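S.K.: Coordinates for the following, if possible.
(one chain, ligands or ions: 1)
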Amino acid sequence: MASNSRNHFSSKFGFIMAAAGSAIGLGNIWGFPTQTANNGGAVFLIIYLLMVFLLAFPILVAELTIGRYAQSNPIRSLKKISPKWKISWIAIISIVAVSLILSFYAIIAGWLIGYFISNGVKLLGMNNTANWLTTFSIARNLMLMIIFMLLTMLVVRNGIANGIEKCSTYLMPLLLVLFIIMTIYIFTQSGAKEGLKMYLIPDFSHLSFNLAISAMGQAFFSLSLGVCTMMVYGSYLKKDTNLPTIAAQVAIFDTAIAFIAGLLILPAMFVAQNNGVQIFSESGKLLHSDTLVFKVLPNLFNTMGTSGLVISSIFFLLMIIATLTSSISMLEVPVSCAIEELNQSRSIAVTWISVIIITISSIIIWNFNELFSFFVQLTTVYMQPIIGLFIALISGWLWNRNKVLQELKKGYANIQESFFWKIWPIYIKIICPIFMLLIFFH
Ligand code: TRP
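M.R.: The predicted structure follows:
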């Protein structure tokens, strides 16, 4: 496909919402609160915020800029950045990483669908089915994962501007409003205060390098970094957009949602504990952390009586859409490569790639205890930050500084005089890599 036939996002707001849509998902409502509760609360929050703004944000700008400059899929984009050094293998590793991420992501996203449908089924009086949909089993996990993947395939097959943009533009702000309402409600429940304390009052005895590594992985996961997702989205971006500003808006929006989700989930954990649900072990570790959010939230909705059913339905529906806008951004990475590198049609690329992902996902479901956490760790704690490190090194060392400047200037005419340009090039070249290596090798 020639570069001038690429689809582009039709409005700036649409892009911010699509990129924010990619960023906002299970990472915010499932990953961040669980990690925060597991790592001592407020200290994790503080380190996470530092990681987002000091590490992830500069790399987000780099990924978006590479994509928009090259106007191509990640393989070709990296070739274009540095024809001399063979760096397109990084794109191949990214494709593997993002496919593995989607394989576990689809399982959890499927659970959201299960909770959503179970509400309707309950209204029909089919309590056994409702129970089946919300109870862990191989058959349920398989069915719901496949439904979620089919939805993802449907949107990705229909192309960028149509599919992604429309979905995310209206619904992400609505999700924010719903979170705020639920947060206000949870504060009225007994037990909430304890969760709030844990979330906001730091106890620095929890500080450790392991915590920093977890926070770094979570920041990369939440901003969809280090697997070329944002590079692909950047390539669909028009030349007149101001990349640093857009990246900052996306990072702030995503972090705000994670912060509010924490404000909701941590107190909700303690409220649930008050209501007899076991949350923490004797030693203070979270029990069953992977599935915890799915125990805590239904408990919260149960305390609301009949209105709980309505709120829960809206909540799960919006969350399904939020995870869909994330999963389509993952599937888009291998699909964009297959379309342009293998000369395939979009529907063929979507089909065979999804079949592979569904297969991997099924293997994980069959061996959940052995494989699930392993894949989560492998991809989010190691692969994403390490590929992110390479992206920082590539943009800092291999990409001609003048070309970077010309590209950024297209949407930000006087960037040369800006504070951003005084800091960012050196930052991404030296400080980011050193910082990341320090954390890793400790
Ligand atoms: N950031 C999304 C979330 O928080 C998930 C996501 C979308 C993602 N694209 C990604 C994670 C690419 C890692 C890599 O739920």
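
S.K.: make it CA atoms for all contacts and neighbour counts henceforth
M.R.: Fine.

S.K.: how distant is the host helix or strand of L300 from the center of its chain?
M.R.: Using DSSP states H and E, L300 sits in helix 293-302. Between the centre of helix 293-302 and the centre of its host chain there is 22 Å, according to CA atoms, centre = their mean, to the nearest Å.

S.K.: what's the next secondary structure element after it?
M.R.: Going down the chain from helix 293-302, the next helix or strand is helix 306-341, by DSSP H and E.

S.K.: neighbouring contacts of the helix or strand following that following helix?
M.R.: Downstream of helix 306-341, the next assigned helix or strand under DSSP H and E is helix 346-366. For helix 346-366, contacts defined as CA atoms under 8 Å, 6 or more residues apart in numbering pick out 99-100, 102-104, 106-107, 138, 141-142, 145-146, 149, 153, 156-157, 159, 331, 334-335, 338-339, 371-372.

S.K.: Just the ones of the residues you listed in helices?
M.R.: The helices, defined by DSSP state H, take in 99-100, 102-104, 106-107, 138, 141-142, 145-146, 149, 153, 156-157, 331, 334-335, 338-339, 371-372 from the contacts of helix 346-366.

S.K.: filter those by proximity to the ligand?
M.R.: For the ligand, no contacts are drawn from the ones in helices among the contacts of helix 346-366 by CA under 6 Å from any ligand atom.

S.K.: Pull up the gap between I24 and I257, please.
M.R.: 7 Å (CA to CA, to the nearest Å).

S.K.: any shared contact partners between the two?
M.R.: With CA under 8 Å, 6+ apart, I24 and I257 have no common neighbours.

S.K.: how far away is L225 from M231?
M.R.: 9 Å.

S.K.: wait, I meant S289
M.R.: Distance from S289 to M231, counting by CA to CA: 31 Å.

S.K.: the more surrounded of these two?
M.R.: M231 (30 against 17; other CA atoms under 10 Å).

S.K.: How about the stretch 51-200 of the chain: which residue is closest to the ligand?
M.R.: The nearest approach of the stretch 51-200 of the chain to the ligand comes at V98, 5.8 Å away (CA to the nearest ligand atom).

S.K.: residues touching that residue, list them.
M.R.: By CA under 8 Å, 6+ apart, V98 lies in contact with 227, 330-331, 333.

S.K.: Mind doing that once more with 7 Å?
M.R.: 227, 330 (CA atoms under 7 Å, 6 or more residues apart in numbering).

S.K.: Comparing I24 and I257, which residue is more hemmed in?
M.R.: Each of I24 and I257 has its neighbours counted (other CA under 10 Å); I24 has more, 31 against 22.

S.K.: Would you mind giving the secondary structure of E282?
M.R.: coil (DSSP: H, G, I helix; E, B strand; the rest coil).

S.K.: Near the ligand, which residues of this structure? Just list them.
M.R.: For the chain, the contact set with the ligand under CA under 6 Å from any ligand atom comprises 22-28, 98, 221-225, 227, 229, 326-327, 329-330.

S.K.: Let's see which of those residues end up in helices.
M.R.: 22-23, 26, 98, 221-222, 229, 326-327, 329-330.

S.K.: Could you count how many residues lie near L393?
M.R.: Look at L393: counted by other CA under 10 Å, it has 18 neighbours.

S.K.: any idea of the mean pLDDT in the helix or strand that contains Y185?
M.R.: Here Y185 sits within helix 166-187, counting by DSSP H and E. Across helix 166-187, pLDDT averages out at 84.

S.K.: Next, the angle from the following helix or strand past that helix to helix 166-187.
M.R.: For helix 166-187, the following helix or strand on the C-terminal side (DSSP H and E) is helix 192-200. Put simply, helix 192-200 runs at 120 degrees to helix 166-187, going by axes from the mean of the first three to the mean of the last three CA atoms, to 10 degrees.

S.K.: Quick one: residues in contact with helix 192-200.
M.R.: With CA under 7 Å, 6+ apart as the contact definition, helix 192-200 has outside contacts at 41-42, 186, 263, 266-268, 270-271.

S.K.: which one of those sits closest to W132?
M.R.: Closest approach to W132 among those (CA to CA): A268, at 24.0 Å.
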